[in-house]
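Enquirer: pasting the sequence and the predicted coordinates here, then a few questions.
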Amino acid sequence: MTLLLAALLPALATGSADPDAVKLPVPKVEYRTNEASASRSPWMDANGWQILRASTRRYYYDVPAGSAALAAAEAFTYAAQAGVHTDASGAVNFDRMLRFLRVIPEHGDLPTLANIGVIDDGSPETGELMNLLSRRNLLYRIVTAPDPGLDMNIRLGSKEYPKSEARNPSQLAQKIRAELTDEKRLLRVYGSEVVIARLVGASGRVRIHLLNYANRPVTGLRVRVLGNYPSWQVAAYEHPDLKLVDFRTADGATEFTLPEMSTYAVIDLSSAPASR
Amino acid sequence: MPGPFPGKAVRVHSEKSVDTATHKIDDRAVREMLSRGMCSLTGAKKERDAWAHFFDAGDVVGIKVNCSGAPKIFSAREVVGGIVDNLIALGIPARNIYLYERFPDQLASVHYGRHLPAGVNIFAAETTRGSMANYDPNTYVETNFFGEEDTRSNMIRLVTDRFTKIINVPNMKDHAAAGVTGCLKNIAYGDFSNVARSHNREKTNTLSFIGTLAMVEPLRSRTVLQIMDGLCGVWHGGPFSENPDFRFYPKTIVFGTDPVAIDRLLLDVIENKRKAEGALSIWDRSMASVKQGVLEKHFNSFIREPGHIEYASRLGLGVYDLKQIAVTEIEV
């Protein structure tokens, strides 16, 4: 058990980087207030889509101290084989995050939960689409052919989603959202534009990974998950005693608030009756 | 809302209320304006009875001030202080009185605390901008305006959990998006999170959003009194007051329970002043008049939506037709 978890943990890279590893951008938020953009949302560098696209590859981050903990949490969230290269104070942050990741309860290899199937042709356009779906917490999984078990399937270049629409990926993501409808979304995040979620689960239990890409805490984050899950457990980096508040299951959904989160939090929900 | 006096407004004017050269407000004049206005509104002979028409010692009262233009313009300390003293005179403990706003930096810049009895709470909902911690997760309006990801606007938790009554104390101001900002805008956008999302580029959804928010319970039924502070106003560039040339001095306080009726009167106050200053009409919706980032009286930042007041009347929040509004004018 411990070995399995250890295999998923990112490593602190020392010396030269693995020559076969793919370098990932520094995970962060850029508030480009002076640049025109397709939306008012802040620009984010998040790598989950890239890792999911090639999950067997090895990756590495070369990050400043302030991003080391987030890089480690991102790699852990997407089960990436990743190394993190940083300076001495970054190593301290990395170690702190690693200690936190080690105490997260083992959950086995739960499958990705998604509304959308993306048929990945390996093109940059499809990559950017996945990036923007991730960015908007429109949950997808990569499929090789349309999956009838999902709410919708996207193949860029099809009649429904011509390549020309990919020229404005933000607008295309909005179109997909409108077609899916917010009511059907397995997960919603309210109260922040800089938190990206990953949802995995099976058999009456789900795990929600929440990554905060900003360099300041988020307070009062509200999360909605489709399904009734009366039992919960939370592990929040730098907030060992954190409890979910305003927990509610109603109308076929479960909602709760994280009073505060810094870089990373993991919430496990279960359909088993609440014992607390 | 619209409360026990639909279609009724009492306008109290006092020439001595503000020294326009120094911007100094005459506390005694304001106290007299409050007393005369409240007595006229309720028909009470004594000031205490007028306030007792709405409140008793068991109430927990929120006073929704407007500090969006602070520190240049805000609900006057003298008006707020007078309201608080009258509540305390009814036996409401100071600890059960709250001045509240959304943003702490704006609220702190007014220094209300120096002018209020000890124990009165001064509360800002967003300890950090965008923080949801002090909003009620179960009371919200959900709508998608421009494809924003967060589609909820949540009500301040104090309103749902703590207050039994609310007094709304807006200013008399022009508003670049809403046309004017008075009772409706202050109580709606001032009591919910995540409302700036209703504006994008030149478009704004204030037409329908203001009334929609204002009618959400328990905000609607707990807002029992409207006291519009028009001692000082803004006729262009609102809700802020960066350019002092756009400030003016109506030297008026308006009383009522009907936010639509009071705001209907405000439309004319702002429009008439703009006309006198040679500014665009608040009803001008031409795209040729829209120029964002330019604080100039011949341009708008948004396509204005002063129709939000009539829209709110159609939601049942009050009386819009001037012929149906009874205005009592008092000179102090």
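Expert: Happy to help now that I have it.

Enquirer: ok, the single nearest residue of chain A relative to chain B - contacts?
Expert: Chain A approaches chain B most closely through residue A:220 (3.1 Å), counting by C-beta to the nearest C-beta. All C-beta atoms are positioned from the backbone trio N, CA, C, and that covers glycine. With C-beta atoms under 8 Å, 6 or more residues apart in numbering or on different chains as the criterion, the residues that contact residue A:220 are A:191, A:257, A:258, A:259, A:260, B:131, B:132, B:133, B:134, B:135.

Enquirer: distance check, the residue lying closest to it once chain neighbours are set aside against residue B:105.
Expert: Once its chain neighbours are removed from consideration, residue A:220 has its nearest residue in residue B:132; the separation is 3.1 Å (C-beta to C-beta, 6 or more residues apart in numbering or on different chains). Distance, residue B:132 to residue B:105, using C-beta to C-beta, to the nearest Å: 18 Å.

Enquirer: who has more neighbours, these two?
Expert: residue B:132 (26 against 13; other C-beta atoms under 10 Å in any protein chain shown).

Enquirer: I'd say that one and residue A:190 touch.
Expert: Yes - between residue B:132 and residue A:190 there is a contact at 7.1 Å, judged by C-beta atoms under 8 Å.

Enquirer: where do the contact lists of those two overlap?
Expert: Between them, residue B:132 and residue A:190 share the neighbouring residues A:221, A:222, with contact defined by C-beta under 8 Å, 6+ apart.

Enquirer: three-state assignment of the residue in the stretch 51-200 of chain B that chain A sits nearest to?
Expert: With C-beta to the nearest C-beta as the measure, the residue in the stretch 51-200 of chain B that lies nearest chain A is residue B:132; the distance is 3.1 Å. Under DSSP: H, G, I helix; E, B strand; the rest coil, residue B:132 falls in the coil class.

Enquirer: who's in contact with residue 123?
Expert: Let's take chain A. Neighbours of residue A:123 in contact, by C-beta under 8 Å, 6+ apart: residue A:156.

Enquirer: right idea, wrong chain: chain B
Expert: Under the criterion of C-beta under 8 Å, 6+ apart, the contact partners of residue B:123 comprise B:98, B:99, B:100, B:101, B:158.

Enquirer: how about residue B:260?
Expert: When contacts are counted by C-beta under 8 Å, 6+ apart, residue B:260 touches B:2, B:183, B:184, B:309, B:312, B:313, B:317, B:318, B:319, B:320.

Enquirer: any chance of those residues in CSV, plus neighbour count?
Expert: Putting these into CSV (neighbours: other C-beta atoms under 10 Å in any protein chain shown) gives the following:
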residue, neighbour count
B:2, 23
B:183, 31
B:184, 32
B:309, 30
B:312, 30
B:313, 23
B:317, 28
B:318, 30
B:319, 19
B:320, 21
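
Enquirer: ok, the residue nearest to residue B:7 when sequence neighbours are not counted to chain A distance?
Expert: The shortest distance from residue B:7 to any residue other than its chain neighbours is 3.6 Å, reached at residue B:319 (C-beta to C-beta, 6+ apart). The spacing between residue B:319 and chain A, counted by C-beta to the nearest C-beta, to the nearest Å, is 36 Å.

Enquirer: same question for residue B:302.
Expert: Residue B:302 sits 15 Å away from chain A when distances are taken as C-beta to the nearest C-beta.

Enquirer: that residue: neighbour count?
Expert: Using other C-beta under 10 Å, residue B:302 has 20 neighbouring residues.

Enquirer: and chain A, which of its residues are near chain B?
Expert: Residues of chain A found near chain B (C-beta under 8 Å from any C-beta of the partner chain) are A:39-41, A:136-137, A:174, A:177, A:182, A:189-193, A:216, A:219-222, A:246, A:248, A:255, A:257, A:259-260.

Enquirer: which of the residues you listed fall within strands?
Expert: Using DSSP state E, the subset of the residues of chain A next to chain B located in strands is A:189, A:190, A:219, A:220, A:221, A:222, A:246, A:248, A:255, A:257, A:259, A:260.

Enquirer: make TSV out of these and add distance to residue B:203.
Expert: Putting these into TSV (distance: C-beta to C-beta, whole Å) gives the following:
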residue	distance to residue B:203
A:189	25
A:190	23
A:219	30
A:220	28
A:221	28
A:222	27
A:246	33
A:248	34
A:255	30
A:257	31
A:259	35
A:260	34
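
Enquirer: related to what we said a few turns ago, just the buried ones from the residues of chain A next to chain B?
Expert: For the residues of chain A next to chain B, burial is judged from neighbour counts taken by 16 or more other C-beta atoms under 10 Å in any protein chain shown, and it is met by A:39, A:41, A:136-137, A:174, A:177, A:189-193, A:219-222, A:255, A:257, A:259-260.

Enquirer: residue A:161 and residue A:172 touch, don't they?
Expert: Yes - in this structure residue A:161 lies within contact range of residue A:172 using C-beta under 8 Å: 7.2 Å.
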